[in-house]
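Participant: need coordinates for the following:
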Amino acid sequence: MKNLSYYLSVVLLLAAFSHQAVSQTAVSNDSLIPTNLLVEGLDTPSNVHSQTPRLSWHANVVTQFAYQVQVASTEVLLTTGVADLWDSGRVNSRRSLNVMYQGRALSSNNKVFWRVRVWNSDSGSPLAWSQPSTWQMGLINKSDWQAKWLQVAQKAVVSEGEAVEDWMLFAADIHKDSNSQLTKAKRETQTRVLEQLKQQPGASLFRHSFALPSDKQIRSARLHSTAAGYYEVFLNGNKVDDRLMDPGQTDYDKRILYNTDDVAAMLDAGKNTIAVHLGSGWYAEEIAFSRWNNPDASPQARSTRSLAYGQPAFIAQLELEFTDGSRQLVTSNQDWLSHASPVLKEGLFSGELFDARKSLNQWHTNADEDQLTNWQKVKVLHEWPTERLEPQLIEPIKAMQALVPIEVLKPKEDVWVLDFGQNFTGVPTIDFTKLPLAPNQSIHLRYAEWVDKAGNISQKSGGGAPLLKQVDTYIASGDEASLDDPTWTPTFTWHGFRYLEIRGLQQAPPIDAIHAHLVRSSVDIAGHFESSDDLLNRVHRMALWGYESNLMALPMDCPIRERAGWTGDAHASLITGNYNYNMDNFWGKYLGDFETATFVAPAVVPGKRTHGGNFDWAAAEIMIAWEHYRHHGDEQLLQNQYESMQEYMNAAQDKLKDSLLRIGYGDWCDPVRVPGTPRVNGRCSPQHTTPTVTSSALFAHTANLMAKISQVLNKSEQVQQYMALFERVKTQFHAELFDAQSQSYKSQTANAMAIMFDIAPLEKRAAVAQAINTDVLEKWGGHASVGALGQTYLYRALSDFGYADTAFNIFKAEGYPGYRYLFEELNATTLWERKGYYDPKQDPDGTKAPGFSLNHPFHAGYDGWFYEGLGGIRPMPDTVGFQDFELVPQFVKGLDSVNVAYTTGYGTIKSRWERKGNEVTWHFTVPNNTSALVLLPKSEPKTYLAGEYTLVYSE
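Facilitator: As a prediction, the model looks like this:
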């Protein structure tokens, strides 16, 4: 690479090692021009609202000394050097991540063009300009929407017919074949649920035909659309996108996210048809949790509740521009028509009932008018169902990975159970060429995380509070195999399951007749971890399966029961998420849910299940905002969130008693000593660490983070205020909770938090780490005793003080409550909410199903240590976007190799090592325009600029 010798030199490694060597090569690039130009973290986004959108690029030089950004209203102006919107001039900065646009104000639908160039030395000429890129503004103002919100004038309700009744009975969990053991009171409740299901309407179809001039060519066609509910949109019979369960859940009365799609290629000269399929989604979920007395709500709010906001509605606006400069607008309005969907029943928690006999052939195409005789006029809403529409910048939910059954079980006559071998969030697809059905034949699909030894499913892990059980029913027309697409997949629901029960067949289904897809928010994978240890790799994959199964436009707690955005769950696995996925826009959206939440310290966001009062959970807002900044360097997010975070801090301070926060959920679901033992205080209450410890530690941590955030935002008064608060809480924490004799705060979680949150005095931290090590080895037989809150911090607290082997061996420990136990005794493929609740030794017949979720990612915080510990990839304190980072790999005994990579906004950091005998060879990659501070035992820190390096170390 040109001028490489100016920046890099090959160095001898430090003499403190008995033997070591280093080699270095450049990070290769095909060109020195900037690439990977992004706006708001996206490639050419089409509905930006921010007047200061974030611009990013890869500089493709070892060190960027300066940059220049130009933005223009046309590509011609840009390429001729006329930056009529903004020219930053030369800016002496290494930064190339989330640089704010600071040009002229932009209007709705403005399309702008931009480019960037860089300097790779502090003097001389700039390198070449990047290729031009673009972004386009969305419908910024409410008045830009000429379209109207539409819904059906009369809801279609079907409650009769054998298949319909069976679906409702299964969903209400009172079908004679549902195999649940219900008390008399519970059966009475579920009977009332059945009455609600009878009144549940089906989905709706909408359509509108319009003509385009045959003598004009389309220059652009942008379709802006969204729904209060879930929706699909079609043009001329083709689905506009591959989004599922869309739009993402929000506090719908405050904001709804909308999409903008380029549909020019889907339009024809002459007649065209736009169509919408509308379901309830989160917007109209009236049954789930409607009879649950929320113990965390205020007394007056504990009675009957509903998650619903109202009847589903949608809005669509198609904006066309022709090459002659003329325009045409097609909007949702009173001229549209509606019809009942063949989806007769649908709900997020219940499932979907589809009657193929009621399917309308070519309903979304340019059908002849005589086929529309049964279509009805629509209802036009005179008021929006939301305060505002915002662009959906988060990655949409999509079908991400196909899964196929590994076995077909037959627990009973004419009952078949497919085992997919993996617990996950997904939807099934039936292939009718392999599973032909007779006319009017119905099959029922029920979903579960667990089967007994005979193969009977149990839906007990879904709990009783949702009131509904997962079931899909398909009623056949008999013509399925002759269709252009002879498959069926539920449209408006998803399921958490490993096992799929099929009823309605007289013979076993072919194993390939039904497959499924993992569905999740389609965030890019950013991390990679693998090792020479199969068990460790399996533990890593377990974390990922759970995390991905709960990424549904928000970080859910579990897919089978609550599906709620519990805030404590979000911060418990925050580091794991950040290292494995690009969570840039995802976290930005979720933090927006805190701003629209009803409570200052919400335990759940978004949605009507929200409640508040436990500040250890709501600490997520500040923790996510800070870690987002460290990973992505977005100061605007900190600025926008600052007032909301201050409200949280003020409310929490009011709850302090003698300088500590003494309320909270605590280290939720830590292990009991012996599996099957009842928990003290029931549910998942902490057994080894009091809420005072965890709540106070987290509050001290948030005070410290708020001081750092205030520093970034140049709020000097607040810096001092929050630093004083941090000192006050941590001083009392140590004085009240530290045991001088054991040099400990009395639990693994307490000690780990005290170290990692800078609460323990500096001179005490080594002793506190030793106390953790002793507790793991002597009191817990090599196991961790942490719950959800301790998982993230335990392993770093050990390895940073010389106990990396102990941290590693926790994953290898035999028996309960270790990971081998999960795999070998519980047959788990995802992390259980309470692995000590169910004891297989107390259930020799295998008939007592677990009663808690079997897919709970809040226990996955350990996975961050695979990156920060074994790989050693860590952000420098208070630095931005990993432009300057640390490499501190742990060459633990018992591992022969580790391969870790993490893709940042600047490029991919790699750390790979392998051991042969007493010799470790370590390869690491420092991306362009970054630096790495290498920290190894008994060595002075050493900084490396961009390049690929190899180090050989003899132990």
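Participant: going forward, measure contacts between C-alpha atoms and count neighbours the same way
Facilitator: Noted.
Participant: low-scoring stretches of this structure, by residue?
Facilitator: Low-confidence segments of the chain, defined by pLDDT under 70: 1-31, 291-304.
Participant: what about the residue positioned nearest the centre of it, distance to residue 518?
Facilitator: Nearest to the mean C-alpha position of the chain, by CA atoms, centre = their mean, lies residue 551 at 3.2 Å. From residue 551 across to residue 518, the span is 11 Å (CA to CA, to the nearest Å).
Participant: my guess is residue 638 contacts residue 624. True?
Facilitator: No: counting by CA atoms under 8 Å, residue 638 stays clear of residue 624, with 10.2 Å between them.
Participant: distance of the residue in the chain sticking out farthest from the centre from residue 265?
Facilitator: Farthest-out residue of the chain from its mean C-alpha position, per CA atoms, centre = their mean: residue 215, at 46.7 Å. Residue 215 sits 17 Å away from residue 265, going by CA to CA.
Participant: now residue 529: closest residue in space, sequence neighbours ignored.
Facilitator: The shortest distance from residue 529 to any non-neighbouring residue, by CA to CA, 6 or more residues apart in numbering, is to residue 900 (4.6 Å).
Participant: ok but that neighbour is inside a strand, no?
Facilitator: Yes: Residue 900: assigned to a strand according to DSSP: H, G, I helix; E, B strand; the rest coil.
Participant: what sits against it?
Facilitator: 527-530, 866-867, 871, 910-912 (CA atoms under 8 Å, 6 or more residues apart in numbering).
Participant: could you do residue 216 as well?
Facilitator: 322-324.
Participant: can you check residue 834 too?
Facilitator: Listed by CA under 8 Å, 6+ apart, the contact set of residue 834 reads 669-671, 684, 852-854.
Participant: please convert those to JSON lines, extending it with secondary structure.
Facilitator: Putting these into JSON lines (three-state DSSP) gives the following:
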{"residue": "669", "secondary structure": "coil"}
{"residue": "670", "secondary structure": "coil"}
{"residue": "671", "secondary structure": "coil"}
{"residue": "684", "secondary structure": "coil"}
{"residue": "852", "secondary structure": "coil"}
{"residue": "853", "secondary structure": "coil"}
{"residue": "854", "secondary structure": "coil"}
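Participant: need those residues in CSV with distance to residue 149 and neighbour count, can you?
Facilitator: Shown next, in CSV, are these (distance: CA to CA, whole Å; neighbours: other CA atoms under 10 Å):
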residue, distance to residue 149, neighbour count
669, 44, 25
670, 48, 29
671, 50, 24
684, 44, 21
852, 40, 21
853, 38, 25
854, 40, 29
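Participant: burial check on residue 804, number of neighbours?
Facilitator: 21 (other CA atoms under 10 Å).
Participant: and residue 423, backbone torsions?
Facilitator: For residue 423, the backbone dihedrals are phi -80, psi 130 (criterion: degrees, to the nearest 10).
Participant: just confirm it contacts residue 495, I think it does.
Facilitator: No: with contact defined as CA under 8 Å, residue 423 does not count as touching residue 495 (10.3 Å).
Participant: which one of the two has more residues nearby?
Facilitator: Between residue 423 and residue 495, counting by other CA under 10 Å, residue 495 is the more crowded of the two (28 against 25).
Participant: residues contacting that one?
Facilitator: With contacts taken as CA under 8 Å, 6+ apart, residue 495 has the following neighbours: 351, 425-427, 447, 470, 559-560.
Participant: residues contacting the one helix or strand residue 37 maps to, please?
Facilitator: Element membership of residue 37 [criterion: DSSP states H and E] is strand 35-39. With contacts defined as CA under 8 Å, 6+ apart, strand 35-39 is touched by 43-45, 53-60, 130-131, 133, 135.
Participant: which of those sits closest to residue 92?
Facilitator: residue 59 (13.5 Å; CA to CA).
Participant: who touches the closest one in this structure?
Facilitator: Contacts of residue 59 by CA under 8 Å, 6+ apart are 32-35, 96, 117-118, 928-929.
Participant: any idea how far it lies from residue 124?
Facilitator: Distance of residue 59 to residue 124, given as CA to CA: 17 Å.
Participant: just residue 873 next, same as before
Facilitator: Residue 873 is 34 Å from residue 124, by CA to CA.
Participant: who has more neighbours out of the two?
Facilitator: residue 873 (27 against 8).
Participant: can you tell me the closest non-neighbouring residue to that one?
Facilitator: residue 887 (5.0 Å).
Participant: one more: residue 777?
Facilitator: Per CA to CA, 6+ apart, closest to residue 777 is residue 783, 7.2 Å.
Participant: one more: residue 569?
Facilitator: residue 858 (4.9 Å).
Participant: that's a helix at residue 892, yeah?
Facilitator: No: assessed with three-state DSSP, residue 892 is coil; it does not lie in a helix.
Participant: re earlier: so which of the contacts of strand 35-39 is the most crowded?
Facilitator: Going by other CA under 10 Å, residue 59 tops the contacts of strand 35-39 with 31 neighbours.
Participant: all strands of the stretch 851-955 of the chain, in order?
Facilitator: Assigned by DSSP state E, counting those that start in this stretch, the stretch 851-955 of the chain shows strands spanning 873-875, 884-887, 897-904, 907-916, 919-934, 942-954.
Participant: do you know which of the ones you listed lies nearest residue 435?
Facilitator: strand 897-904 (43.2 Å).
Participant: and that closest one, which strands flank it?
Facilitator: strand 527-531 (antiparallel), strand 907-916 (antiparallel) (DSSP bridges).
Participant: show me the contact partners of the longest one.
Facilitator: With CA under 8 Å, 6+ apart as the test, strand 907-916 has contacts from 58, 871-873, 889, 895-903, 920-928.
Participant: show me what counts as buried in that strand.
Facilitator: 907-915 (16 or more other CA atoms under 10 Å).
Participant: residue 155 touches residue 205, doesn't it?
Facilitator: No: using CA under 8 Å, residue 155 is not in contact with residue 205; the gap is 11.3 Å.
Participant: show me which of these two is the more surrounded one.
Facilitator: residue 205 (24 against 16).
Participant: for that one, what is the enclosing helix or strand?
Facilitator: strand 204-212.
Participant: repeat for residue 722
Facilitator: helix 716-737.
Participant: residues of that helix that come out buried?
Facilitator: 718-719, 722-723, 725-726, 729-734.
Participant: can you put the residues you listed in CSV and add distance to residue 952?
Facilitator: Below are the buried residues of helix 716-737 laid out as CSV (distance: CA to CA, whole Å):
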residue, distance to residue 952
718, 47
719, 44
722, 45
723, 43
725, 46
726, 43
729, 45
730, 42
731, 44
732, 46
733, 44
734, 42
